[in-house]
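In: here's my sequence, what's the structure:
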Amino acid sequence: MPSFPNDLVSTFVPLFIAIDALGTVPLVLAMTHDFDRSERLKVVNIAMLTALAVGLGFLFVGRGVLRLMGIQVAHFAIAGGLILLILAIRDITTGKLMDVPTKEELIGVVPIGTPLTVGPATITTLLLLSDSYSYTVLLLAFALNLGVAWFAFRQSSAIVRVLGQGGLKAMSKVASLLLAAIAVRMVFQALPQVFPR
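Out: Alright, predicted model coming up:
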């Protein structure tokens, strides 16, 4: 029989992989390397508030909006999966996930808050998990993951000192491979719902 701790783990892990806070640290560092500590903290705080708002928005009203537009969650999963696959391939081959301005006050909103922290993978994961788990468990798992992301982004300089640039690059490539695998899984899981036998 499912228990609260088991449900929490079962929702936390997919969201942890989808958000990929550690894999995003090099990107946050690259986009905020000219900022001082207080400016970087401000960007991180704005990013987390944005991620929270986007995630909650899609969790509570996203399915209804998609239904009004005649879009199934499976359609959204396939589109999100393809976008993530393209981004992952680009990062693996060129070393750049996307082109972003490094001196922009709103980079906490875009792209750090969304789509890097809460993007297609996280939104789709939230919607799919909401079919199987209670909102209480899901909201707690989402909040914990945002807490992990906030801590990782805030401590990005310390993480660099521990792992070194080589370790961060290796971690980023592994994260991109995982992102590609998640993207492929999202597409293949959604295809039977769009094209039932």
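In: which SS state does residue 131 fall under?
Out: State at residue 131, reduced to three classes by DSSP: H, G, I helix; E, B strand; the rest coil: coil.
In: give me the neighbour count for it.
Out: 8 (other C-beta atoms under 10 Å). Backbone N, C-alpha and C define where each C-beta goes, glycine included.
In: kindly report the same for residue 69.
Out: Applying other C-beta under 10 Å, we find 9 other residues in the vicinity of residue 69.
In: how about stretch 61-76 as CSV, C-alpha atoms only?
Out: C-alpha atoms of stretch 61-76 as CSV (Å, rounded to 0.1, in the frame of the first residue of the first chain):
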residue,chain,number,x,y,z
VAL,A,61,-4.7,25.6,-14.6
GLY,A,62,-2.4,24.2,-17.3
ARG,A,63,-4.5,21.1,-18.0
GLY,A,64,-7.6,23.1,-18.4
VAL,A,65,-5.9,25.6,-20.8
LEU,A,66,-4.6,22.7,-22.8
ARG,A,67,-8.0,21.1,-22.9
LEU,A,68,-9.6,24.4,-24.1
MET,A,69,-7.0,24.5,-26.9
GLY,A,70,-7.7,20.8,-27.8
ILE,A,71,-4.2,19.8,-26.8
GLN,A,72,-3.6,16.6,-24.8
VAL,A,73,-0.9,16.3,-22.2
ALA,A,74,0.6,13.7,-24.6
HIS,A,75,0.9,16.3,-27.3
PHE,A,76,2.6,18.7,-24.9
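In: contacts for that stretch, please.
Out: 120, 123, 124, 127, 128, 130, 190, 191, 193, 194 (C-beta atoms under 8 Å, 6 or more residues apart in numbering).
In: which residues sit in contact with the third one?
Out: Pointing back at residue 124 there. Here residue 124 is in contact with 18, 73, 76, 77, 80, 81, 186 (C-beta under 8 Å, 6+ apart).
In: buried residues in whichever strand or helix holds residue 43?
Out: Residue 43 belongs to helix 37-57 when elements are defined using DSSP states H and E. Across helix 37-57, burial judged by 16 or more other C-beta atoms under 10 Å covers 40, 43, 44, 46, 47, 48, 50, 51, 52, 54, 55, 56.
In: next: stretch 64-84.
Out: 66, 73, 74, 76, 77, 78, 79, 80, 81, 84.
In: got it, and stretch 110-121?
Out: Applying 16+ other C-beta under 10 Å to stretch 110-121 flags 111, 112, 113, 114, 115, 116, 117, 118, 119, 120, 121 as buried.
In: the residues you listed in helices, which ones?
Out: 120, 121 (DSSP state H).
In: one step back: output the buried residues of helix 37-57 as TSV; include the columns pLDDT and distance to residue 137.
Out: Below are these laid out as TSV (pLDDT from 0 to 100; distance: C-beta to C-beta, whole Å):
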residue	pLDDT	distance to residue 137
40	84	32
43	90	30
44	92	26
46	93	27
47	93	24
48	95	21
50	94	23
51	95	19
52	96	17
54	92	20
55	94	15
56	94	15
